[in-house]
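Novice: What follows is a predicted structure for the sequence shown.
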Amino acid sequence: MVRVRFAPSPTGNLHIGGARTALFNWLYARAKSGKFILRIEDTDSARSKQEFVDEILNSLSWLGFNWDEIYYQSKRLDIYNEYAQKLLKEGKAYKEKAIDKPREAIIFKVPPQKIKIQDLIRGEIEFDTAVIKDQVLIKSDGTPTYNFACVVDDADMKITHVIRGDDHISNTPKQALLYEALGFSVPKFAHLPLIMGMEGGRLSKRTGATAISDYRKMGYLASALVNYLLLLSWAPGGNVELIDINQALKLFDVTQVNKTSATFDLKKLNWMNNQYLKNGDSEKLTDVLIPLLIEKNYISADGFDRDYLVSLVKLFQPRLTTLNDFCDWADFFFVKELKIEEEAEKKFLGGDLSREFRLFIEKLDKLEKFDILNIEAGFREVVKELNIESKALIHPIRVALTGKTIGPGLFEVIYYLGKELTQKRLGRWINGGSNA
RNA sequence: GACCCCGUCGUCUAGCCUGGUCUAGGACAAGAGCUUUUCAAGCUCUCGACACGGGUUCAAAUCCCGUCGGGGUCACCA
């Protein structure tokens, strides 16, 4: 039975790198019908915070990585101490009192030897432990160090495969020694390449957002983010870019993960998010959007027309990079006081459009049916009567109705805005006309 | 600095293990065009890489060595 684990430390948010490690672990577990275990490494009581535990769990759930078991290291202190005592008794460890510490720490005697690690991704890696100094097992405050707790837990939790970041390669020989000293069998290792920032070096806040929750807030879809993360250091082959998690489950093989570190490229994530948004189920997207719209006071929680919202979502879907774009681009459907971009107004509403707008307003009243086709037909007639180019009127109308120079097709906009609102917004620009 | 890992277009990658089908394929980005009602989307095209040097071989992106470059780790943090 395959048992893998993701072991975050709640000293910060779940970030891009951690999410990718969690993804590969989760995929491996699910693909092999194994167990995905979560282990909260909260032995550093000064830096660990409950809010981070909550944030990590929320992000993991949002991404869809459900776990089978969860453990907290802070509740397992007795176990670590027990094993430390055993090593002490066997003469494999010793106690030492640091000058500035009140109590003694338990320290592991590192035996000098050559040690070989088998890595599923990198093959064999050899180390000489002569360059490794003795390792603290239990700190003088009674809590275990990372490497010790990690080994004890991985053995105790019967972890079969340790899939983790590249930055742990140099911890591996230390841990291997501990497995040996404790008489535990050694799990298989797979060290994932790190995700780098655009400027080289580790992905950091300076390069952009690192927290998964930030991407969620910015309006990225979990499915798109997972797809993007999946393609960092792994490829399904066959020039496939868009791959859903179920297909990935069938194709993913941890031994085929690349050895080279990957750079996080927001532009490609943006492209991918647009692909998911564009092809996504409009109803589902609407449901995700509804809370955002309520928050912005665009709709009220107790009364909104969901079908109407779905239609609006469909209108914008192909042009959204993030969900939040919808709130920004579609605002004119919801606000009472239309904000008109200064530049747009200057460019398209500078002249007197009274005659044109009045004609169009009257035409809308004469339409057999107020639908997209008839609106367009009516508009074409107005343009013909006026003997002007379509775009000479389309752009001013768009700006008057939406406040923007960009947006969905004008006739759809008019249709969904409704006749009354359309006429009202156009009427504002008629001299001597109703200014309602 | 020591130890370890890695090195294909600007970025993500296919190819490498099992040399020849690679004048190196795809995607993002960038540039151009088509479409047109703006912006997206879509379609077409362009630009663009085997880090370098030595081997091995009839033949090397692929195998070997070296150099250089990038990254990681060297805590009573995890």
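Specialist: Here it is on my side, so go on.
Novice: So A:Lys346 lies in a helix, does it not?
Specialist: Yes: according to DSSP: H, G, I helix; E, B strand; the rest coil, the state of A:Lys346 is that of a helix.
Novice: What is the neighbour count of it?
Specialist: A:Lys346: 11 surrounding residues under other CB atoms under 10 Å. C-beta: built from backbone N, CA, C; applies to glycine.
Novice: again, but for A:Ala181
Specialist: When counting by other CB under 10 Å, one arrives at 20 neighbours for A:Ala181.
Novice: With the one 3 residues further on instead?
Specialist: Each residue near A:Phe184 was counted by other CB under 10 Å, and the total is 15.
Novice: Show me the strands in the stretch 151-300 of chain A, by range?
Specialist: A:161-165, A:188-192, A:195-196, A:262-263 (DSSP state E, counting those that start in this stretch).
Novice: what about the ones you listed, which gets the closest to RNA strand B?
Specialist: strand A:262-263 (3.3 Å; CB to the nearest atom of the strand).
Novice: any weak-confidence spans in the stretch 301-436 of chain A?
Specialist: For the stretch 301-436 of chain A, applying pLDDT under 70 flags the ranges A:432-436.
Novice: What residues does it have near RNA strand B?
Specialist: Within reach of RNA strand B by CB under 7 Å from any atom of the strand, the stretch 301-436 of chain A has these residues: A:318-319, A:376, A:390-391, A:394-395, A:398, A:405-411.
Novice: Now tabulate the strands of the stretch 151-300 of chain A in CSV and tack on mean pLDDT and mean neighbour count.
Specialist: CSV is the format used below for the strands of the stretch 151-300 of chain A (pLDDT from 0 to 100; neighbours: other CB atoms under 10 Å):
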stretch, mean pLDDT, mean neighbour count
strand A:161-165, 98, 22
strand A:188-192, 98, 21
strand A:195-196, 95, 21
strand A:262-263, 96, 16
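Novice: Make TSV out of these and add distance to A:Leu182.
Specialist: Shown next, in TSV, are those (distance: least, CB to CB, whole Å):
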stretch	distance to A:Leu182
strand A:161-165	15
strand A:188-192	17
strand A:195-196	32
strand A:262-263	35
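Novice: those helices in the stretch 151-300 of chain A, which residues are they?
Specialist: Applying DSSP state H, counting those that start in this stretch to the stretch 151-300 of chain A gives helices spanning A:172-182, A:212-217, A:222-230, A:245-251, A:266-279, A:282-295.
Novice: what's the closest of those helices to A:Gln118?
Specialist: Judged by CB to CB, the one of the helices of the stretch 151-300 of chain A that comes nearest to A:Gln118 is helix A:172-182, at 10.1 Å.
Novice: between that closest one and strand A:161-165, what angle do the directions make?
Specialist: For helix A:172-182 against strand A:161-165, the angle by axes from the mean of the first three to the mean of the last three CA atoms, to 10 degrees is 150 degrees.
Novice: Dump stretch A:390-398 to PDB, restricted to CA.
Specialist: Provided in PDB are the C-alpha atoms of stretch A:390-398 (Å, rounded to 0.1, in the frame of the first residue of the first chain):
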ATOM      1  CA  SER A 390     -21.300  51.900 -38.300                       C
ATOM      2  CA  LYS A 391     -18.300  52.500 -36.100                       C
ATOM      3  CA  ALA A 392     -18.900  56.200 -36.000                       C
ATOM      4  CA  LEU A 393     -22.000  55.400 -33.900                       C
ATOM      5  CA  ILE A 394     -21.000  52.100 -32.300                       C
ATOM      6  CA  HIS A 395     -18.100  53.500 -30.300                       C
ATOM      7  CA  PRO A 396     -20.000  56.500 -28.900                       C
ATOM      8  CA  ILE A 397     -22.900  54.400 -27.900                       C
ATOM      9  CA  ARG A 398     -20.700  51.800 -26.300                       C
END
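Novice: just to revisit the earlier point, so of the residues of the stretch 301-436 of chain A next to RNA strand B, which ones are in helices?
Specialist: Among these, the ones falling in helices (DSSP state H) are A:Glu376, A:Ser390, A:Lys391, A:Ile394, A:His395, A:Arg398, A:Leu410, A:Phe411.
Novice: Going by neighbour count, which of these comes out on top?
Specialist: Highest neighbour count within those: A:Arg398, with 23 neighbours (other CB under 10 Å).
Novice: need the strands of the stretch 151-300 of chain A in CSV with distance to RNA strand B, can you?
Specialist: Formatted as CSV, the strands of the stretch 151-300 of chain A follow (distance: least, CB to the nearest atom of the strand, whole Å):
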stretch, distance to RNA strand B
strand A:161-165, 8
strand A:188-192, 7
strand A:195-196, 6
strand A:262-263, 3
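Novice: any idea how far the nearest residue to A:Leu231 once chain neighbours are set aside lies from RNA strand B?
Specialist: Using CB to CB, 6 or more residues apart in numbering and skipping the chain neighbours, the partner closest in space to A:Leu231 is A:Glu241 (6.8 Å). From A:Glu241 across to RNA strand B, the span is 4 Å (CB to the nearest atom of the strand, to the nearest Å).
Novice: where does the stretch 1-150 of chain A come near RNA strand B, residue by residue?
Specialist: Residues of the stretch 1-150 of chain A that fall close to RNA strand B, judged by CB under 7 Å from any atom of the strand: A:9, A:11, A:41, A:43-44, A:47, A:73, A:96-98, A:101, A:105, A:122-123, A:125-128, A:131, A:133, A:136, A:139-141, A:143, A:145-147.
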